[in-house]
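no sequence for this one, just the structure:
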């Protein structure tokens, strides 16, 4: 059996899967409400609407709870990693990840962009959805604008989530790491070498000038450089 490295703790895994579950519930119920044939097939429109509203309002809760009390220290380092963008990340995006893997830390630029979208999407959907649900106090222009923003953001959510699932399922080691919390050491070194080498610690900036050099093999993996 290959060596395994700890990647995600229990709090992070619960945060990921509860948020993912709430987003998917809101997406599926929202699609049901907007598609007439599907709504007629499922029926119980009022129940579906209530589930949609509850799941939408609950989406910020996992992240807020993960920052409460003793859980906060469990997620802050990775939140800082996700929020830190480097020149190497921009290079990764320009090449769609085809070059520069030796400059990737614990999270690549695609994962950072996905996380930023989800974090930004949640307050937008909660605010616009609230205006749509409790519309009486708001003028018509607010309701129209909220509906427009809610609908187009929902379409973006479907595209981003579908892409995220497609990429995740195409990389089994990465997918298993968010389930078990551990990742194959050789795979991690090939795809996230700065993290394996300890250069992606919070407060340290990865080297910015190593645009062509290959990653150095990690002795603890007990294997040769997997990128060769």
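Now that the structure is in, tell me what you want to look at. All values derive from a computational prediction rather than experimental measurement.

for the longest helix seen in the chain, enumerate the helices and strands it packs against.
In the chain, assigned by DSSP state H, the helix with the most residues is helix 140-169. If you count contacts as 3 or more C-beta pairs under 8 Å, 6 or more residues apart in numbering; DSSP states H and E, helix 140-169 packs onto helix 10-34, helix 109-133, helix 172-180. C-betas here are computed from N, CA, C, even on glycine.

contact partners of the second one?
Contacts with helix 109-133, where a contact means C-beta atoms under 8 Å, 6 or more residues apart in numbering, come from 19, 23, 26, 53, 56-57, 59-60, 63, 82-83, 85, 89-90, 92-93, 97, 107, 138, 142-143, 146-147, 149-150, 153-154, 156-157, 160, 164, 167.

on that earlier part again, orientation of the longest helix of the chain relative to helix 109-133 in degrees?
Note on geometry: by axes from the mean of the first three to the mean of the last three C-alpha atoms, to 10 degrees, helix 140-169 and helix 109-133 are set 150 degrees apart in direction.

between helix 10-34 and helix 140-169, find me the angle.
Using the same axes, to 10 degrees, the inter-axis angle of helix 140-169 relative to helix 10-34 is 120 degrees.

in the chain, which ranges drop under the pLDDT threshold?
Counting by pLDDT under 70, the chain has low-confidence residues at 1-2, 39, 99-101, 202-228.

closest to the centroid, which residue in it?
residue 115 (3.8 Å; C-alpha atoms, centre = their mean).
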